[in-house]
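Asks: prediction below, plus the sequence it came from.
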Amino acid sequence: MARAGLASYDRGMSALDDPDAGALHRFRWAWYALLAATVVQAVGVWRWFVVLGETPLLEWLHSPPDVGGWGIAEGTAQAIQLAVGWSALAAAAWCLWRPSWAPAVLLAAVQMAIAWAMTATDEGFPVAASWLPAAARRAFPWLTHAARMAAPLAVAWLAWGGAGTAGAPCQDAAMIRNAPWGLRCAPAPRFQAGIEQLLRWALAITFAAHGVEALQTNPVFVDLLLDSHRRWLDIDLPEARATELLTAIGVMDLLVAALCVSTRWRWVLWWMAAWGLITAWSRVAANGWFWWHDAVVRAPHVGVPAAIAWLAPRADTLANRVESPADT
Amino acid sequence: MCGRTFDRQRVFLTLLLAAVASGRTPARAADAPRELDPLAPRHWRCIWTENPATVATLSWSTAAAGRQHIVKMAVVDPAPATDQERQRTVAAQHNGRFTGDDLELHYHHARLADLQPGTTYEVTLESDGHASPPLRFTTAPADDRPVSVIFGADSRSGLVERRQMNALMARMAAEARAAGRPPIVALAHGGDYVYDGNELSLWAQWMADHELTAGVDGHLLPIIPARGNHDHGEHFNQVFDFPAGDRNYYAVDVGPQLRWITLNTETVVAGKQTKWLAEQLADARPQYRWVVAQYHRPSFPAVKLPGRGLVHWVPLFEQFNADLVCEGDGHTIKRTPRLRANKIDPTGVPYIGEGGLGVGQRTPNAELWYLRAPDAKVGSDHHLQLLTFDREKLSYRVVLMSGEVFDEHAWPVRPPEQRAVPAVEEETEAPAAQAAFRAPATAKALK
Ligand SMILES: [Fe+2]
């Protein structure tokens, strides 16, 4: 069957001829979505860290220890920031040239460092939750940044397994050996399912955290709504309407977050991808091209839901996964 | 570096020794062991958020709730004509417990109304009979006399330096009073009082340190507070007696010729606040000789990226010819030239500040088109900005922690045509962030 699948694939026939080939084909799209999200995000990081040069990381490194920082001299901290920014760009190029776990792990680490820095320097959204200690509230960026960390982590995990060195077993190495960017095998369904769960939870957490921000009327979001309406639709949206709209958005965010982890409805994921694109783009729409890095660092908000939509097994493969003794 | 640290310590020690040697204990409750008297008033401060010629809020904290919280006050200067003026008792209208479980602390705010302008009152703050030391405060004048305001921001770290800066303010205010110079009537604080606005213990420390601005004579330095990005949460409103959920933008008259507008970069900028600002400026510009705005995140930053005020507020400042805009957040010293439409323009608006009331200092980007010498002046040191407003000019002086003057400048009063409201409300084109921030074309135009 595998041979036949490869043959039909090689002949450029529709993958629908063979359900397994179709699944592999979709897996490749999932892989590309994650890779693209990771690379585009890294370009945004580069611009932010290298060209603009003012990031939470710098603040964290330079701040004195009494306010959660490292107390590193400003020049040294800036040099580290520059090194991180260039490393992110180099890692992105490496991922494009020959996907590997090493650069992807580095990119995930950069995202974690950003979340950590925002936590340490109190730079995140000041979530109103008086029942939580202030220190726990400062950790909110770990939630809002979950998808941004998960995309490169998933790339690392897939590249590690896909390279056949360790990790995931190959389902059939021959099937996508000739795929661009060198994924030499598609991971076993069970392994794919693991990645899917990681991405689903990261995405749900990201949406839920943004939903909480929206319900708590994050003023930055209100300004995004007001300014993008003004610039693109020439509508002077009253602030009260924007606040109501934001409440509706918050409810929607929480709802799709719940659906993302409780159902396999594919439309939810496409909805999240579309919404991720709109909200990422709103940074540019509202504030102008100067802030394009703000939009592209959110590429995983589009890439992650798209990847899940492609990764999620169809009914037939789901049945296979449950029934196939080979997978147990 | 070591030498500098040593110098700072020496200045601090000198100030402390001077306080002790003067024979009067600095009025500072924080030094007293708290557990001895949970109802002893502490954290005293005077707050100006509403017509300070006749209204002032006196605030303090206690470790226990207590029952009766009052201010006993008497006019001392000018000498009162009647006994009625001599003594007055006002009950604190707003009392409650600061939210948060980490510390039990209760706030008390007495909003004193019907005060006499330009008048000094002696007050004691009392909670269930436990009294503060005698304190004083002076209302804003109603006549057109020269006045000084200290602008400063960013006191969320570097607590030793914060205390030294507070002691410096007290000393400067006392010296101005003694020497008959224009009185330093208020501290306008551009935000970032504490590292995390949700941590009550940090606010408690800030309030304790703020007592040092009162100096050895107990003369309170009224504060005009702006909210910074670290001052999130409800404590800010509880510390400065704003209603719960308040947006914290407001304007006060510091004398009859100075309108001081406080904006909030930490709430919605593009909506009601900007409309309110436009109304304020249109209203104030023809009436006041001086129109000044303050807020936290800079529109023309010396270090960081521009805040949302750049797009929404800067065009209004330019349209209505604001005299000065004070900004915080960058942890550096900054004075831009007068700016208009992304160019240096003698009719434009100057931006100062960036915050030095304790925080470690950054290196300003002196290559930015609006920060280049000789038109601009930037630096890195703990500092405050002393602004003196008289009939002819607005004088600006940057005073470092050592007492040394780092920068001095003056802007003449605007000619009448610049103080009239523009006949046609023609909005200046909103400068895009990149144009204001790093526009090669604009930079070239400056050469
Ligand atoms: Fe700040």
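Replies: Thanks, I have it.
Asks: show me what contacts whichever residue of the stretch 51-200 of chain B sits closest to the ion?
Replies: The stretch 51-200 of chain B approaches the ion most closely through residue B:192 (4.2 Å), counting by Cβ to the ion. (C-beta placed from N, C-alpha, C; glycine too.) Neighbour list for residue B:192: B:153-156, B:228-231, B:296, B:328-329, B:355, B:359 [criterion: Cβ atoms under 8 Å, 6 or more residues apart in numbering or on different chains].
Asks: neighbours of the closest residue to residue A:127 other than its chain neighbours, just the number please.
Replies: Nearest residue to residue A:127 in three dimensions, chain neighbours excluded: residue A:140, at 4.8 Å (Cβ to Cβ, 6 or more residues apart in numbering or on different chains). Residue A:140: 21 surrounding residues under other Cβ atoms under 10 Å in any protein chain shown.
Asks: how about residue A:71?
Replies: 13.
Asks: distance of it relative to residue A:219?
Replies: 31 Å (Cβ to Cβ, to the nearest Å).
Asks: within the helices and strands, which one has residue B:252?
Replies: strand B:250-253 (DSSP states H and E).
Asks: same deal with residue B:403?
Replies: Using DSSP H and E, no helix or strand contains residue B:403.
Asks: what is the neighbour count of it?
Replies: 10.
Asks: thought it was touching residue B:168?
Replies: Yes. Between residue B:403 and residue B:168 there is a contact under Cβ atoms under 8 Å: 6.7 Å.
Asks: work out for me the element the residue of chain B found nearest the ion sits within.
Replies: Of all residues in chain B, residue B:329 sits closest to the ion, at 3.7 Å by Cβ to the ion. Assigned by DSSP H and E, residue B:329 falls within no helix or strand.
Asks: give me the distance between it and residue A:61.
Replies: Following Cβ to Cβ, the distance that separates residue B:329 from residue A:61 is 18 Å.
Asks: so residue B:122 belongs to a strand, correct?
Replies: Yes. Assessed by DSSP: H, G, I helix; E, B strand; the rest coil, residue B:122 belongs to a strand.
Asks: for the nearest residue to residue B:37 once chain neighbours are set aside, what are its contacts?
Replies: Leaving out its chain neighbours, the residue that sits closest to residue B:37 by Cβ to Cβ, 6+ apart is residue B:130, at 6.2 Å. Counting by Cβ under 8 Å, 6+ apart, residue B:130 touches B:37, B:39, B:40, B:41, B:62.
Asks: out of everything not next to it in sequence, what's closest to the third one?
Replies: If you skip the residues right next to it in sequence, residue B:40 has residue B:130 as its closest partner in space, 5.1 Å away by Cβ to Cβ, 6+ apart.
Asks: now do the helices in the stretch 51-200 of chain A.
Replies: A:56-62, A:74-97, A:101-120, A:134-138, A:141-144, A:146-162, A:189-215 (DSSP state H, counting those that start in this stretch).
Asks: ok, now the stretch 201-328 of chain A?
Replies: Counting by DSSP H, counting those that start in this stretch, the helices of the stretch 201-328 of chain A are A:219-228, A:239-262, A:266-287, A:292-296, A:300-311, A:315-323.
Asks: who are the packing partners of the first one?
Replies: When contacts are defined as 3 or more Cβ pairs under 8 Å, 6 or more residues apart in numbering or on different chains; DSSP states H and E, helix A:219-228 packs onto helix A:239-262, helix A:266-287.
Asks: need the contact partners of it.
Replies: A:125, A:213-214, A:237, A:239, A:242-243, A:245-246, A:249, A:282-283, A:285-287, B:266-271, B:308, B:311.
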